[in-house]
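1. the sequence and its predicted three-dimensional model are supplied below.
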Amino acid sequence: MTHKFVGKIPDILEDKVLYISMEYETVIHKCACGCGNEIVTPLSPADWSLTFNGETISLKPSIGNWSLDCKSHYWITNNKVKWSYKWSTDEIEKVKVSDLEAKKEHFEKINTKPKELENKGEDKKSLFEKIKTWFK
């Protein structure tokens with residue numbers, strides 16, 4: 001794969017190109033299996049991290065496209081795709097639960113208010129709890 005740092009994501013994605021928008025903290029590419037689906041990997045402590053060594057890009061953790069028909073699973077390391085074995089439904093469900101818990105912990109941690117603000121009548125819902133209501 002190759003990579004391009006962009007201000008905004010283009011309307012049409014090229015095959016085998018990682019588009020990196022630091023402004024939007026996102027990396028997007030077409031699925032490495034060739035199915036044509038667009039894969040979005042948000043950059044955050046609760047999602048993916050990006051490493052740029054001056055020449056190549058690596059994303060961690062792996063990219064598991066389990067909600068897609070292809071169910072592809074791979075890592076992008078130094079602009080190369082490294083394929084994983086096909087995960088079972090049980091393995092996928094465990095990872096989904098783990099990912100959701102990691103996001104919850106992350107958002108609760110960044111939304112912890114100092115003690116002096118706790119009793120000022122402010123909304124006590126965490127950002128994670130607020131975001132969950134958007135999907136109901």
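-> Cool, the structure landed.
2. switch to C-alpha atoms for all contacts and neighbour counts from now on
-> Noted.
3. for this protein, what spans make up the helices?
-> For the chain, the helices defined by DSSP state H occupy 89-110, 115-118, 127-134.
4. weakest of these by average pLDDT?
-> Set side by side, these give their lowest mean pLDDT on helix 115-118, at a mean of 52.
5. leaving out sequence neighbours, find the closest residue to W48.
-> Nearest-residue entry for W48: K60, 5.4 Å, with adjacent residues in sequence omitted and distances by Cα to Cα, 6 or more residues apart in numbering.
6. list the contacts for the one you found?
-> With contact set as Cα atoms under 8 Å, 6 or more residues apart in numbering, K60 has these partners: 48-50, 75-76.
7. let's see that with 7 Å instead.
-> K60 makes contact with 48-50 under the criterion Cα atoms under 7 Å, 6 or more residues apart in numbering.
8. what residues are bridge-paired with it?
-> Beta-bridge partners for K60, by DSSP bridges, are S49.
9. check what pLDDT it gets.
-> Reported pLDDT for K60: 96.
10. what does F5 give?
-> Note for F5: predicted pLDDT of 97.
11. distance of it relative to T56?
-> From F5 across to T56, the span is 12 Å (Cα to Cα, to the nearest Å).
12. okay if I get the contacts of K60 as a markdown table plus pLDDT, distance to K109 and neighbour count?
-> Formatted as a markdown table, the contacts of K60 follow (pLDDT from 0 to 100; distance: Cα to Cα, whole Å; neighbours: other Cα atoms under 10 Å):
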| residue | pLDDT | distance to K109 | neighbour count |
| --- | --- | --- | --- |
| W48 | 94 | 18 | 17 |
| S49 | 96 | 18 | 17 |
| L50 | 97 | 22 | 20 |
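13. can you redo these as JSON lines with distance to F107?
-> Output for the contacts of K60, formatted as JSON lines (distance: Cα to Cα, whole Å):
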{"residue": "W48", "distance to F107": "15"}
{"residue": "S49", "distance to F107": "16"}
{"residue": "L50", "distance to F107": "20"}
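14. OK, contacts around the nearest residue to L50 once chain neighbours are set aside?
-> What sits nearest to L50 in space, not counting adjacent residues and going by Cα to Cα, 6+ apart, is L59, at 4.7 Å. Neighbour list for L59: 48-51, 76-77 [criterion: Cα under 7 Å, 6+ apart].
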